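Undergrad: Coordinates for the following, if possible.
(chains A and B)
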Amino acid sequence: MSRLRRPPGPDDHFEGPRDAPVILVEYGDYQCPYCGQAYWEVKRLQQTLGARLGFVFRNFPLTQAHPLALQAAEAAEAAAAQGRFWPMHDLLYEHQDRLELPMLLSHAEALELDVDRFREDLDSHRFEERIRRDFMDGARTGVNGTPTFFPNGHRHDGPFNADALLEALTGGAGLTR
Amino acid sequence: MPPVMPSLSLPLPSGTRAPAFQLAATPEQSVSLADCAGSPVVLVFYPADFSPVCSDELALFNELLPELQRHGARVFGVSVDSVWSHLAFARERKLRFPLLADFHPKGEVSRRYHAWRESEGVCERALYVVDGDGRIAWGQVSPPEVNPGVDGVLAALESLSTREVRS
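TA: So this is what the prediction gives:
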């Protein structure tokens, strides 16, 4: 079984308490339709587990299959630079069929970002290196497609619906319900 | 009683000579292992063109191709599908590396590489890295439903690069 080589750290995008008893790491692609489905499953899981779950998202854009995935990831990182990673992440997945530049700019406006700076960060590909680092690090840790989940540091090879992820995270220990 | 699953073959051990092959890559061209002497070769045996797990697996190798090439590696997919199926599959998925057809005699090369699943008449999901001298550097056979990822191949290529720097 593949294990997560890099544990969640200060550079990661983290939702929920950092000392949460269960941690879920996702390697995902904003243009991947399966990641789009998984987005709602993670939301369900977060509702179920509340503050007991820490969620980390790392970039794994398959640019050959998904030509808009890299720029979308850059948009999320550019929003992160302005403290708004998760709201941008959510908008990207909730409007996954529209990832072209005008839509990214309109998300930036909706989130009241400094749009000039946002656009400059996209134009200069300021965050491409960081995204590539996530990607290579994912490839070395056994990410085998998108989405790939690591519940508590082990690669999850089963289905990625909320129930299956809950089972993988809590080992059926009845943390909830 | 749980159903009895056919057991997975063990990969060819590291250090053994990689079996020679010559397989069609297109209707006009073929590729042999001897053609690749001097370069590491990555062989990705997979069960079938267009099947879901294979497509994910090959998409990943496709994405990482520049990284594999940075180690001087040549990458080939291998299955028992015909060159025509391979061409259609490669075009649809925009694959940037050749797919070889172990089509006739069916599965002969796959058998030599312990990458043959007799019960279904298809290749196992197997990965090999062959070094520039034609020896197996690393191999792995995974269950057909598990996409193995590229971490094993990357690690094997990285250790080959290190070995070359040292020698």
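
Undergrad: Excluding sequence neighbours, find me the nearest residue to the residue nearest the centre of chain B.
TA: Centroid-nearest residue in chain B: residue B:44, 1.9 Å away (criterion: C-alpha atoms, centre = their mean). Distance criterion C-beta to C-beta, 6 or more residues apart in numbering or on different chains; nearest residue to residue B:44, sequence neighbours excluded, is residue B:77 at 4.8 Å. The way it works is simple: take the backbone N, C-alpha and C, and place the C-beta from them, glycine included.

Undergrad: Also residue B:134?
TA: With sequence-adjacent residues excluded and distances taken as C-beta to C-beta, 6+ apart, residue B:134 is closest to residue B:18, at 5.3 Å.

Undergrad: That neighbour touches residue B:12, doesn't it?
TA: Yes - Residue B:18 lies in contact with residue B:12 (C-beta atoms under 8 Å); the separation is 7.4 Å.

Undergrad: Return every residue with contacts to both of the two.
TA: Listed as contacting both residue B:18 and residue B:12 by C-beta atoms under 8 Å, 6 or more residues apart in numbering or on different chains are B:113, B:128, B:136.

Undergrad: Can you list the buried residues in the strand or helix carrying the second one?
TA: Assessed by DSSP states H and E, residue B:128 sits inside strand B:125-130. In terms of neighbour count (16 or more other C-beta atoms under 10 Å in any protein chain shown), strand B:125-130 has its buried residues at B:125, B:126, B:127, B:128, B:129, B:130.

Undergrad: Give the helix, strand or coil label for residue B:89.
TA: Three-state call for residue B:89 (DSSP: H, G, I helix; E, B strand; the rest coil): helix.

Undergrad: Just give the nearest non-adjacent residue to it, would you?
TA: Leaving aside its chain neighbours, residue B:89 sits nearest to residue B:49 (3.9 Å; criterion: C-beta to C-beta, 6+ apart).

Undergrad: Tell me the residues of chain B that contact chain A?
TA: Applying C-beta under 8 Å from any C-beta of the partner chain, we find that chain B lies next to chain A at B:56-57, B:59-60, B:62-64, B:67, B:93-94, B:96, B:146-151, B:154-155.

Undergrad: ok, of those residues, which come out buried?
TA: Buried among the residues of chain B next to chain A (16+ other C-beta under 10 Å): B:56-57, B:59-60, B:62-64, B:67, B:93, B:147-151, B:154.

Undergrad: Quick one: residues in contact with the helix or strand harbouring residue A:121.
TA: Per DSSP H and E: residue A:121 is located in helix A:115-123. Applying C-beta under 8 Å, 6+ apart, the contact partners of helix A:115-123 are A:71, A:74-75, A:77-79, A:81-82, A:101, A:104-105, A:108-109, A:126-127.

Undergrad: Take these and keep only those in strands.
TA: With strands taken from DSSP state E, there is no overlap with the contacts of helix A:115-123.

Undergrad: Among those, which one has the most neighbours?
TA: For the contacts of helix A:115-123, counting by other C-beta atoms under 10 Å in any protein chain shown, the largest number of neighbours falls to residue A:75: 28 neighbours.

Undergrad: thought that residue was touching residue A:108?
TA: Yes - when contacts are counted by C-beta under 8 Å, residue A:75 is listed as touching residue A:108 (7.5 Å).

Undergrad: so where's the chain uncertain?
TA: You didn't pick a chain, so chain A it is. A:1, A:172-177 (pLDDT under 70).

Undergrad: my bad, the chain I had in mind was chain B
TA: Using pLDDT under 70, the flagged stretches of chain B are B:1-6, B:54, B:165-167.

Undergrad: Quick check: residues of chain A near chain B?
TA: So chain A meets chain B at A:2, A:62-65, A:136, A:139-145, A:157 (C-beta under 8 Å from any C-beta).

Undergrad: What subset of those residues is buried?
TA: Among the residues of chain A next to chain B, those classed as buried by neighbour count (16+ other C-beta under 10 Å) are A:2, A:62-65, A:139-145, A:157.

Undergrad: How about the contacts made by the spatially closest residue to residue B:143 that is not a sequence neighbour?
TA: Spatial nearest neighbour of residue B:143, excluding adjacent residues (C-beta to C-beta, 6+ apart): residue B:8 at 6.6 Å. Applying C-beta under 8 Å, 6+ apart to residue B:8 gives the contacts B:124, B:141, B:142, B:143.

Undergrad: at 10 Å what do you get?
TA: Residues near residue B:8 by C-beta atoms under 10 Å, 6 or more residues apart in numbering or on different chains: B:114, B:117, B:124, B:125, B:126, B:140, B:141, B:142, B:143, B:144.
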